[in-house]
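Chemist: From the sequence below, what's the structure:
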Amino acid sequence: MRAVHNLTIQKKTRQYLRNNATKAEKIFWQELRNNKIGVKFRRQHGIKGYVVDFYCPKLKLIIELDGVVHDFRKQRERDYLKEKELEKLNFKVIRYNNFDIMENIGEVMKDLRKYL
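Modeler: Numbering: from 1, shown residues only. Okay, the predicted model is just below:
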């Protein structure tokens, strides 16, 4: 089977995204890192031609955080296509809004635990 994880061509993009995380990504990462919720997550992980915000290999779970750019129709269409392609590869994709991360991280974490 052809490799789909962390393609070399995406390395600089992944590094850039990790080094320039949004405020919501930083907050969320603090809740996930070091197995704080019982499973390992990676951030800005490459899968096929995409870079996903957070990925749990054990559960094949992808978490995407959506900021205001995701409110635009064109971006919603791209997100939909990305999600469908990842689901075809047997990944589960869940999405959280940046506002919810910043304003109510406790509820977001409570919701996430349902998937774990």
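Chemist: Going by C-alpha atoms from here, please, whenever you check contacts or count neighbours.
Modeler: Will do.
Chemist: Show me where this structure has its strands.
Modeler: 42-47, 50-56, 61-66, 92-97 (DSSP state E).
Chemist: Give me the packing partners of the last one, helices and strands only.
Modeler: With contacts defined as 3 or more C-alpha pairs under 8 Å, 6 or more residues apart in numbering; DSSP states H and E, the packing partners of strand 92-97 are strand 61-66, helix 73-88.
Chemist: Recalculate using a threshold of 6 Å.
Modeler: Strand 92-97 sits against strand 61-66, with contacts defined as 3 or more C-alpha pairs under 6 Å, 6 or more residues apart in numbering; DSSP states H and E.
Chemist: hey, C-alpha coordinates of the strand it packs on in PDB?
Modeler: Included here for strand 61-66 are C-alpha records, laid out as PDB according to Å, rounded to 0.1, in the frame of the first residue of the first chain:
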ATOM      1  CA  LEU A  61      -9.600  10.100  14.500                       C
ATOM      2  CA  ILE A  62      -9.000  13.500  12.900                       C
ATOM      3  CA  ILE A  63     -10.000  16.700  14.600                       C
ATOM      4  CA  GLU A  64     -10.300  19.900  12.500                       C
ATOM      5  CA  LEU A  65     -10.700  23.300  14.100                       C
ATOM      6  CA  ASP A  66     -12.700  25.800  12.000                       C
END
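Chemist: Direction included, what does it pair against?
Modeler: Sheet pairing of strand 61-66 (DSSP bridges) gives strand 50-56 (antiparallel), strand 92-97 (parallel).
Chemist: Can you give me the pLDDT of Val69?
Modeler: pLDDT, Val69: 66.
Chemist: on that earlier part again, dump the strands of the chain into JSON lines; add mean neighbour count and mean pLDDT as well.
Modeler: What follows is the strands of the chain, written out as JSON lines (neighbours: other C-alpha atoms under 10 Å; pLDDT from 0 to 100):
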{"stretch": "strand 42-47", "mean neighbour count": "21", "mean pLDDT": "97"}
{"stretch": "strand 50-56", "mean neighbour count": "21", "mean pLDDT": "96"}
{"stretch": "strand 61-66", "mean neighbour count": "20", "mean pLDDT": "96"}
{"stretch": "strand 92-97", "mean neighbour count": "16", "mean pLDDT": "96"}
